[in-house]
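*Asks:* Okay, predicted coordinates and the sequence, questions at the end:
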Amino acid sequence: MKNVIELKHPLIEHKLTLLRDEKTGTKEFRELIGEISTILCYEAMKDVKLKTVEIKTPIEKMKAKTLEEDKFAFVPILRAGMGMLDGVISAVPNAKIGHIGMYRDEETFEPVNYFFKVPKGIEKREVFLLDPMLATGGSALDAIELLKGKGVKKINFLCIIAAPEGLKAVTKKHPDVKIVCAHIDRELNKNKYICPGLGDAGDRIFGTK
Ligand code: PRP
Ligand code: URA
C-alpha cells in the first residue's frame, strides 16, 4: 500500500512480542509503547526538511543542519495515544502538542469525539497523529477529518499495530496521509479487536481493567 510504512527490524519484533504477551504488566507495557513510539517517530520524520545554521565547533566554524522543532505538532488520540507521547517528545522536545478525545462505542464500534484542542497556527504545521491501534480506521478517519477541517495539510499517522481493514479505509479516503506502523496484523475479530493484537491498548497502558 502506497504511503504505508511497516517497520521491519529484529529489535522491534522483540519489543512487540513483549508488548503483546498478556503476562506483561502495566509498567513494562507503558515503557515498551514509549520505546517503540520513539522509533516510529524517527521513521516518520526521516524526510523532514532541515534548516542550515552556522555554528562553531571547538575546532572551526561550520554550516550545520537543524530541525525547526516548532513546525511540528504531535496529536495523541485519547486515551491510548497519550501512551505514545513521551516517546515522541524524547525525539522532538519542542514540538507543539494537541489532543483529540475519542472513544469507540462498544456496540456500534463507531468513534465518539469528546474533545478537540490543537495548538494555534496548526494549519501551518506538519502533524503527527498518535494512536497505538488502527483497527476499523473509524477513529483515525474522524481525527484526520478534524485536522483537515482546521486547514492542516500534512498529516502522518503513527501507530503500533494496524489491521489491514483500517489501513484500507484510511488509505482509500486519505491517500495523502503517511501511515507508519510497527506491525500489520492479520485481521479484526467480530468485536473489531485486532488479531493477534495486544488487547485493549488504553486499558493496558492505564491499568483500568
Ligand atoms: C482504541 C484505540 C483507537 C481505536 C481504534 O481506543 O486506541 O483509538 O480504539 O479503533 P478503530 O480503528 O476501530 O476506530 P478506544 O476506543 O478503546 O479508547 P481508549 O483509547 O480510551 O481506550
Ligand atoms: N482498540 C484497541 O485498544 N485494541 C484493538 O485491538 C482494537 C481497538
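*Replies:* It's in. Ligands and ions are numbered 1, 2, ... in the order given.
*Asks:* Could you use CA atoms for every contact and neighbour count after this?
*Replies:* OK.
*Asks:* Would you mind listing what in the chain touches ligand 2?
*Replies:* 133, 135, 193-194, 197, 199-202 (CA under 6 Å from any ligand atom).
*Asks:* Can you say which of these are buried?
*Replies:* Among the residues of the chain next to ligand 2, those classed as buried by 16 or more other CA atoms under 10 Å are 133, 135, 193-194, 197, 199, 201-202.
*Asks:* ranges for the strands of this protein?
*Replies:* Counting by DSSP state E, the chain has strands at residues 4-6, 51-56, 61-66, 72-78, 96-97, 99-104, 111-117, 126-130, 133-134, 154-162, 178-184, 187-188, 194-195.
*Asks:* could you point out the longest helix in the chain?
*Replies:* The longest helix of the chain (DSSP state H) is helix 26-44.
*Asks:* So what touches it?
*Replies:* For helix 26-44, the external contacting residues (CA atoms under 8 Å, 6 or more residues apart in numbering) are 7, 12, 15, 18-19, 83-88, 90-91, 132, 156, 158-160, 180-182, 204-207.
*Asks:* Filter these down to the buried ones and express that as a ChimeraX selection.
*Replies:* Only the buried entries of those go into this ChimeraX selection, using 16+ other CA under 10 Å:
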select :7,12,15,18,19,83,84,85,86,87,88,132,156,158,159,160,180,181,182,204,205,206
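*Asks:* give me the number of residues near Met1?
*Replies:* Met1: 10 surrounding residues under other CA atoms under 10 Å.
*Asks:* what do you get for the one 4 residues further on?
*Replies:* The burial count assigned to Ile5 is 18, neighbours taken as other CA under 10 Å.
*Asks:* partners of it in the sheet?
*Replies:* Applying DSSP bridges to Ile5 gives these bridge partners: Val180.
*Asks:* before we move on, the earlier item: any idea which of the buried ones among the residues of the chain next to ligand 2 is closest to Glu187?
*Replies:* Glu187 lies nearest to Ile194 out of those, by CA to CA, at 6.0 Å.
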